[in-house]
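In: Build me a model:
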Amino acid sequence: MAVSAMWQPELESLERAPLERLIVERMRATLARVLAEPAWARRLSGVRPEQITRVEDWRTLPFLTKDELRDAYPYGLACSRAAGYRRIQMSSGTTGNPILNPYTAADVAQWGEVMARCYVAAGVGPSDVIQITPSFGLFTGGFGFHYGAERLGAMVIPTGAGRTALQLRLMRDLHATVLTAIATYPLRLIEAAREERFDLGSLSLRVGILGSEMWSDELRARIECELSVRTFDIIGMTETGGPGLGIDCAARAGIHVWEDHYYPEIVDPATGAVVADGTEGELVISTLTREGLPLIRYRTHDLTRVVSRARCDCGRTALRLDRLRGRVDDMVIYKGINFYPRQIERALLKHAGVSHEYQVVIDTEGGGERMTIHVETEPGCDPTIASRIRRDLHDALALSPEVRLCPPGAIERAPGKAVRVVDRRPRQ
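Out: From the prediction side, this is the model:
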């Protein structure tokens, strides 16, 4: 593959040795920034920036957890107050206090920079028309895509979330070439097009930049086929400043993490020890250039592995992570068997006639546990497919659920991220 275009080639293609020197320099600057705050100084008592002489020294610092960020609401671990905060973004806070991230002017600029890199890695440029379907509000998605598009000089259609019929009309009439969305939103577009008898062939889309949810390779293939696009998997979270932490490129050899801005580690979820490259574990992220809410060794709960630290075929040298495979806290334990929803999805989508819409329901009956997988199928689908799915799940995961085939539209659609598992078992 030929070397692709880059937004900042001098940084995106930096050789490993000078890149690591830059990382160490920014680690020290981050430590100096947080140690000026009393709450951080207490957390990192005895730590001094000059103790970091190589990237491995970072491992001696304590982890930061989601609970600590929640307990610090609103500004307990915030920094750079003197610079002035220009805006805030915030997590949903569905389980306790929300996580609030204040942005300085430099943080907003940094966000635009990494998002511009992501766009260019996906082959997007100034001549593109970008339809932004994530919401504009406290959720970080919409604004991040907007800032990156402005940096590129591309045209933006800032539709935000919902109003799917209008989304399709604008997409067609304004000749949108790039769709940005949470990973399952293209499925809503496809369904709406069928209901409205909208011709997806009338669209000019060529690129889909999708994230915010786990989505399997099988689901990716279906989206690409239905919408005639090339998709790119973008990662990021409220805590790190939003989408833009990394993206895969056309080589599809892993997700590039912009190491001059974010330092990733993969650790054993149980022990916290850093694992060898190629071994799956929990992603830990440190921010190296964020001012308002710097993160030092933040445990994301996302599961992945380091694919490579070598130069990619696209020319970029940033390390590559595998696509996120699930979350530590999304793991389901059923009758002593551990599995992730994405593993169910992969098994289902291997079968023709099976929809991308499914839901795993676990409940109790007669003192025991019962798992039922509800999956929508296309009209005329062979009903014996249920037994084949059950056999595949037994072979792959040692699961023996009941598989119920449903007509299209039978499973309730969540307004945001898809709800794949409904666990009705009593809490211990």
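In: Would you tell me which helix is longest in this structure?
Out: Using DSSP state H, we find that the single longest helix of the chain is helix 16-35.
In: just checking, next helix/strand downstream of that helix?
Out: Remark: after helix 16-35, the chain's next helix or strand is helix 38-43, criterion DSSP states H and E.
In: Doesn't residue 142 lie inside a strand?
Out: No: note on residue 142: no strand contains this position according to DSSP: H, G, I helix; E, B strand; the rest coil, which reports helix.
In: Could you tell me which residues make contact with the residue lying closest to it once chain neighbours are set aside?
Out: Take residue 142 and drop its neighbours on the chain: the residue closest to it by CB to CB, 6 or more residues apart in numbering is residue 136, 3.7 Å away. C-betas here are computed from N, CA, C, even on glycine. By CB atoms under 8 Å, 6 or more residues apart in numbering, residue 136 lies in contact with 142, 143, 146, 158, 160.
In: from the chain's centre, how far out does the longest helix of the chain sit?
Out: Put simply, helix 16-35 sits 25 Å off its chain's centre (CA atoms, centre = their mean, to the nearest Å).
In: same deal with stretch 8-23?
Out: For stretch 8-23, the distance from its own C-alpha centre to the chain's C-alpha centre is 24 Å (CA atoms, centre = their mean).
In: same check, this time on stretch 356-374
Out: Counting by CA atoms, centre = their mean, stretch 356-374 is centred 27 Å from the centre of its parent chain.
In: Stretch 249-268 now?
Out: Computed by CA atoms, centre = their mean, the chain-centroid distance of stretch 249-268 equals 12 Å.
In: can you pull out the helices in the stretch 101-250 of the chain?
Out: 105-121, 141-152, 164-173, 185-196, 217-227 (DSSP state H, counting those that start in this stretch).
In: quick one: residue 266 and residue 279 touch, right?
Out: Yes: in this structure, residue 266 sits in contact with residue 279. The criterion is CB atoms under 8 Å, and the distance is 7.0 Å.
In: what do those two both touch?
Out: Among the neighbours of residue 266, those also in contact with residue 279 (CB under 8 Å, 6+ apart) are residue 305.
In: Which one's more surrounded, those two?
Out: residue 266 (23 against 11; other CB atoms under 10 Å).
In: that older thread, switch the contacts of residue 136 over to a markdown table; also include pLDDT and neighbour count.
Out: A markdown table is the format used below for the contacts of residue 136 (pLDDT from 0 to 100; neighbours: other CB atoms under 10 Å):
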| residue | pLDDT | neighbour count |
| --- | --- | --- |
| 142 | 93 | 21 |
| 143 | 95 | 25 |
| 146 | 97 | 20 |
| 158 | 97 | 14 |
| 160 | 93 | 16 |
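In: So which residue of the chain lies furthest out from the middle?
Out: Of all residues in the chain, residue 366 has its C-alpha farthest from the mean position, at 39.1 Å, by CA atoms, centre = their mean.
In: now that residue: how far from residue 422?
Out: Look at residue 366 and residue 422: by CB to CB, to the nearest Å, they are 19 Å apart.
In: Contacts for the longest strand anywhere in the chain, please.
Out: Under DSSP state E, the strand in the chain containing the largest number of residues is strand 354-365. Among residues not part of strand 354-365, those counted as contacts by CB under 8 Å, 6+ apart are 184, 187, 219, 222, 332, 334, 341, 344-345, 348-349, 369-378, 381, 385, 389, 401, 408, 411, 413, 419-426.
In: Among these, name the ones in strands.
Out: Short answer: those in strands (DSSP E) are 332, 334, 369-377, 421-423.
In: And for the residue nearest to residue 246 when sequence neighbours are not counted, the neighbour number?
Out: Nearest-residue entry for residue 246: residue 257, 4.0 Å, with adjacent residues in sequence omitted and distances by CB to CB, 6+ apart. Each residue near residue 257 was counted by other CB under 10 Å, and the total is 21.
In: Please report how far the closest residue to residue 360 other than its chain neighbours lies from residue 361.
Out: Across the structure, with CB to CB, 6+ apart as the measure, the residue nearest residue 360 apart from its sequence neighbours is residue 421 (4.8 Å). Using CB to CB, we find residue 421 at a distance of 8 Å from residue 361.
In: next one: residue 213
Out: Following CB to CB, the distance that separates residue 213 from residue 361 is 19 Å.
In: Check residue 27 too.
Out: 46 Å.
In: Then residue 161?
Out: With distances defined as CB to CB, the gap from residue 161 to residue 361 amounts to 26 Å.
In: Looking at the two, which one has more neighbours?
Out: Neighbours per residue (other CB under 10 Å) separate residue 161 from residue 361, with residue 161 holding more: 20 against 16.
In: quick one: contacts for the closest residue to the more buried one other than its chain neighbours?
Out: On the basis of CB to CB, 6+ apart, the spatially nearest residue to residue 161 that is not a chain neighbour turns out to be residue 135, at 4.1 Å. If a contact means CB under 8 Å, 6+ apart, then residue 135 has 141, 142, 160, 161 as its contacts.
In: hmm, 6 Å instead?
Out: The neighbours of residue 135, taking CB atoms under 6 Å, 6 or more residues apart in numbering as the test, are 142, 160, 161.
In: Got the domain ranges for the protein?
Out: 1-329, 331-423 (automatic domain parsing).
In: in its sheet, what does the longest strand of the chain sit against?
Out: strand 368-377 (antiparallel), strand 421-423 (parallel) (DSSP bridges).
In: just those strands: most buried one?
Out: Ranked by mean neighbour count under mean count of other CB atoms under 10 Å, the strands paired with strand 354-365 are led by strand 368-377, which reaches a mean of 18.
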